[in-house]
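In: mind looking at a prediction? Sequence and model below.
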Amino acid sequence: MKFKTPLLIFFGLVLFSCKELPKEKKSDAENLVIEAEHPAVPSSYSDLEGNPIELAEYKGKRVLLNYWATWCRPCIEEMPDLLKLQAILEQENYVFLLASDESVEKIKTFKAARGFDFKFITYNGTYGAQQINALPVTFIYNEIGEQVFRFDGAMDWNTPELIEQLKILD
């Protein structure tokens, strides 16, 4: 009985002293410091040297972004047409980016073997995030970075109608 009372008092003090204290509101400057300590989100794309690439870097240009893979036959079959289109749209402020989620080594080997003169990049995200269910898929962005076209599947890129539509893109 002698020990019950002090023991109950001890546990009561511990229980009530563990109550969470109200949090102090941090200033905006303190919040910025905390946010800066967190690592940056990795870029969704990188060049074949491992440097991060953001699509925003191409603001002021039109971007044709083609998702492809070395194992994708339709992807490879449309590349000669894409190469011709790249030459046609060269004067129309276009940048062609061909993105694959495969390893840099695989992409470099493919590029060396096939000789396609594109800016090949790696895609570090997931195709599901882009709502891509099959390859190839091509997105066209205007000069202010808005997606204006999406083409699912292999395309005949050199039809006069499509070329004209891409030339007058707004």
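Out: Sure, I can see it.
In: can you give me the helices in this protein?
Out: Read by DSSP state H, the chain holds these helices, from start to end of the chain: 4-17, 28-37, 73-88, 104-114, 160-167.
In: elements contacting the longest one?
Out: Contacts defined by 3 or more CB pairs under 8 Å, 6 or more residues apart in numbering; DSSP states H and E place helix 73-88 against strand 62-67, strand 94-100, helix 160-167. All C-beta atoms are positioned from the backbone trio N, CA, C, and that covers glycine.
In: hmm, who's touching the last one?
Out: Outside helix 160-167, the residues within contact range by CB atoms under 8 Å, 6 or more residues apart in numbering are 62, 64, 85, 88, 89, 92, 94, 140, 155, 156.
In: now it: buried residues?
Out: Residues of helix 160-167 classed as buried by neighbour count (16 or more other CB atoms under 10 Å): residue 166.
In: and it, how far out from the chain's middle?
Out: 27 Å (CA atoms, centre = their mean, to the nearest Å).
In: one step back: could I get the helices and strands packed on helix 73-88 as CSV with mean pLDDT and distance to residue 117?
Out: Conversion of these to CSV gives the following (pLDDT from 0 to 100; distance: least, CB to CB, whole Å):
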stretch, mean pLDDT, distance to residue 117
strand 62-67, 97, 14
strand 94-100, 97, 10
helix 160-167, 94, 19
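In: and the gap between residue 50 and residue 44?
Out: 14 Å (CB to CB, to the nearest Å).
In: got the CA coordinates for stretch 154-170 in PDB?
Out: Output in PDB follows, covering the C-alpha atoms of stretch 154-170 (Å, rounded to 0.1, in the frame of the first residue of the first chain):
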ATOM      1  CA  ALA A 154       3.500   4.800 -85.200                       C
ATOM      2  CA  MET A 155       2.800   7.600 -87.700                       C
ATOM      3  CA  ASP A 156       3.400   8.500 -91.300                       C
ATOM      4  CA  TRP A 157       5.100  11.700 -90.400                       C
ATOM      5  CA  ASN A 158       5.600  13.000 -93.900                       C
ATOM      6  CA  THR A 159       2.100  13.600 -95.200                       C
ATOM      7  CA  PRO A 160       1.700  17.100 -96.500                       C
ATOM      8  CA  GLU A 161      -1.300  17.700 -94.200                       C
ATOM      9  CA  LEU A 162       0.500  16.800 -91.100                       C
ATOM     10  CA  ILE A 163       3.600  18.800 -92.000                       C
ATOM     11  CA  GLU A 164       1.500  21.900 -92.700                       C
ATOM     12  CA  GLN A 165      -0.400  21.400 -89.400                       C
ATOM     13  CA  LEU A 166       3.000  21.200 -87.500                       C
ATOM     14  CA  LYS A 167       4.300  24.300 -89.400                       C
ATOM     15  CA  ILE A 168       1.400  26.500 -88.400                       C
ATOM     16  CA  LEU A 169       1.200  25.300 -84.800                       C
ATOM     17  CA  ASP A 170       0.200  27.800 -82.300                       C
END
